[in-house]
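Trainee: the sequence and its predicted three-dimensional model are supplied below.
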Amino acid sequence: DVQLQASGGGLVQTGGSLRLSCSASGFTFTDYSIGWFRQAPGKEREGVSCVSGIGDTYYADSMKGRFTISRDNAKNTMYLQMNDLKPEDTAVYYCAKNPSLVLSGMDYWGKGTQVTVSS
């Protein structure tokens, strides 16, 4: 069965850092781009970034600069390094997969991990 499991969320102060992980199983990891999305309370889900099987990356315009996406194909794991976190980054973060390097039309979603940034 396909599985995507996000982890690494938590409570951090403004200006702090977190690294999220997304562990994958049940499919050929390198055949897919894996993306991060987030949903804040009362807001629509938004795309953050995605990384292709060969390491090409894409970032939503508003996410450039503080976030870095990467993947370790040997470990079937993708990461999101988040630096200089702000209260507006508070959200549930999800990972999802797609054959293409886009932040839409994802064909499988994992459960999210909560990130809370205190002011």
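Mentor: Yes, it's here.

Trainee: could you pull up the residues touching the most centrally placed residue in the chain?
Mentor: Centroid check for the chain by CA atoms, centre = their mean gives residue 36 as the closest residue, at 2.6 Å. Contacts of residue 36 were listed using CB atoms under 8 Å, 6 or more residues apart in numbering, and they are 20, 22, 47, 48, 49, 50, 69, 78, 80, 93, 94, 95. Placement of C-beta: from N, CA and C, glycine included.

Trainee: show me where the chain has its helices.
Mentor: In the chain, no helices are found when defined by DSSP state H.

Trainee: all strands of it, in order?
Mentor: Ranges of strands in the chain, per DSSP state E, are 3-7, 10-13, 18-25, 33-39, 46-51, 57-59, 67-72, 77-82, 91-98, 108-109, 113-118.

Trainee: mind putting those in CSV, mean pLDDT included?
Mentor: Shown next, in CSV, are the strands of the chain (pLDDT from 0 to 100):
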stretch, mean pLDDT
strand 3-7, 97
strand 10-13, 98
strand 18-25, 98
strand 33-39, 97
strand 46-51, 97
strand 57-59, 96
strand 67-72, 98
strand 77-82, 98
strand 91-98, 97
strand 108-109, 96
strand 113-118, 98
